[in-house]
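Asker: here are the coordinates; sequence isn't available:
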Ligand SMILES: Cc1cc2nc3c(=O)[nH]c(=O)nc-3n(C[C@H](O)[C@H](O)[C@H](O)COP(=O)(O)OP(=O)(O)OC[C@H]3O[C@@H](n4cnc5c(N)ncnc54)[C@H](O)[C@@H]3O)c2cc1C
């Protein structure tokens, strides 16, 4: 075991991956997690989670699971409930759960005067909205501890980015981070702004619950079905972006049961880059 000691902030998939890598390299570490347990945003009861009830994996199971710990689920696109169980099982399997201090929010990081390390400060989180039990080491006191290195795995999706919209709108404005269940849309005329993965999932929910659904996109998109040629589409071409046919009447699109669909007036670009590609099972246009 190395004499160095690292801190890992966040016990979501990234924090767990980092913790496992440190463990394998024989580097000592302590983990800090503001919520009640591991799994990050896949724990729908984590107050910072942007998960919703209908969510399933968007990347397929075999391209997403840890190579050393295959998922028990046989579904190609498991649900968020299967995912949180999976991350909990992964953390237990490799003894990572007990290395994290839960319900503990890191509040500051200060570089040492000699630039050689960091002083981390953390404090008990306010109780999670769910009030559920902690699954590991909790904390009652504030902490100040020095580390040789710190891995920030605190997630990128928790803070909503709500654009300023010109004009007057008197209806309800709902950011995806506040969307949890399709009943929030029941009987409403819904306009979805943006056709990313969450936008498309929510549009599918809206079809079954809302009075009407429209979608607004600012440029063209390729809508890639979850399955192509009977296989999860991201398992084709070894998961690398593939060059799309210029028209949906080309051979590959015709052979697929639900072809890749181009939508919107702007050009999505020549390839299915991650910004112009959305994977969805329901057709929109
Ligand atoms: C609906 C939805 C579907 C998705 N589908 C997929 C998919 O199919 N495939 C895919 O690869 N990705 C998907 N994602 C992206 C998702 O971001 C990743 O799967 C993954 O959760 C990112 O892991 P992370 O550990 O980086 O962040 P998070 O999962 O956000 O975890 C960050 C953790 O850090 C903790 N934290 C934050 N600040 C502090 C602090 N100051 N102190 C202590 N702890 C802190 C948080 O409580 C949280 O537990 C999806 C996201 C959403 C919302």
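Answerer: All right, it came through fine. Please read all numbers here as calculations on a predicted model, not as lab measurements.
Asker: who's in contact with the residue of the stretch 51-200 of the chain found nearest the ligand?
Answerer: Nearest residue of the stretch 51-200 of the chain to the ligand: residue 155, at 2.4 Å (C-beta to the nearest ligand atom). Heads up, the C-betas are built off the backbone N, CA and C, glycines and all. With contact taken as C-beta atoms under 8 Å, 6 or more residues apart in numbering, residue 155 is in contact with 10, 12, 14, 40, 41, 48.
Asker: same thing with residue 86?
Answerer: Counting by C-beta under 8 Å, 6+ apart, residue 86 touches 65, 71, 72, 73, 78.
Asker: burial of residue 153, as a residue count?
Answerer: For residue 153, the neighbour count with other C-beta atoms under 10 Å is 21.
Asker: hang on, it packs against residue 9?
Answerer: Yes - counting by C-beta atoms under 8 Å, residue 153 touches residue 9, with 6.1 Å between them.
Asker: between the two, which contacts overlap?
Answerer: By C-beta under 8 Å, 6+ apart, residue 153 and residue 9 have these common neighbours: residue 15.
Asker: using TSV, please lay out the contacts of residue 86 together with distance to the ligand, secondary structure and pLDDT.
Answerer: Below are the contacts of residue 86 laid out as TSV (distance: C-beta to the nearest ligand atom, whole Å; DSSP: H, G, I helix; E, B strand; the rest coil; pLDDT from 0 to 100):
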residue	distance to the ligand	secondary structure	pLDDT
65	10	coil	97
71	12	coil	98
72	17	coil	96
73	13	coil	96
78	9	coil	98
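Asker: now do the helices in the stretch 101-250 of the chain.
Answerer: 197-209 (DSSP state H, counting those that start in this stretch).
Asker: what does this protein have sitting close to the ligand?
Answerer: Contact residues, the chain versus the ligand (C-beta under 6 Å from any ligand atom): 9-15, 32-35, 40-42, 46, 48, 50-51, 55, 57-59, 64, 105-106, 153-155, 157, 198.
Asker: report the helix or strand with the lowest average pLDDT across this protein.
Answerer: Ranked by mean pLDDT, DSSP states H and E, the weakest helix or strand in the chain is helix 251-255, scoring a mean of 36.
Asker: still on that earlier bit, name the member of the contacts of residue 155 with the most neighbours.
Answerer: Neighbour counts for the contacts of residue 155, by other C-beta under 10 Å, peak at residue 40, which reaches 27 neighbours.
Asker: ok, that residue touching residue 47?
Answerer: No - using C-beta under 8 Å, residue 40 makes no contact with residue 47, being 12.0 Å away.
Asker: OK, contacts around residue 35?
Answerer: By C-beta under 8 Å, 6+ apart, residue 35 lies in contact with 11, 43, 46, 47, 48, 102, 103, 125, 128.
Asker: helix/strand/coil for the residue most central in space within the chain?
Answerer: Centroid-nearest residue in the chain, with C-alpha atoms, centre = their mean: residue 41, separated by 6.2 Å. With DSSP: H, G, I helix; E, B strand; the rest coil as the basis, the three-state label of residue 41 is helix.
Asker: right, and it touches residue 48 too?
Answerer: Yes - between residue 41 and residue 48 there is a contact under C-beta under 8 Å: 6.8 Å.
Asker: which among the residues of the chain next to the ligand end up buried?
Answerer: Among the residues of the chain next to the ligand, the ones that count as buried by 16 or more other C-beta atoms under 10 Å are 9-15, 32-35, 40-42, 46, 48, 50-51, 55, 57-58, 64, 105-106, 153-155, 157, 198.
Asker: direction included, what does whichever strand or helix holds residue 7 pair against?
Answerer: If you go by DSSP states H and E, residue 7 is part of strand 5-9. In the sheet, strand 5-9 lines up against strand 28-32 (parallel), strand 149-152 (parallel) (DSSP bridges).
Asker: okay, those, which one's buried deepest?
Answerer: Compared across the strands paired with strand 5-9, strand 28-32 shows the largest average neighbour count, a mean of 22 (mean count of other C-beta atoms under 10 Å).
Asker: centre of the chain to that one, how far?
Answerer: Strand 28-32 sits 22 Å away from the centroid of its parent chain (C-alpha atoms, centre = their mean, to the nearest Å).
Asker: for that strand, give me every contacting residue.
Answerer: Contact with strand 28-32 is made by 1-2, 4-11, 15, 19, 22-23, 96, 99-101, 104-106, 120, 122, 145, 147, as judged by C-beta under 8 Å, 6+ apart.
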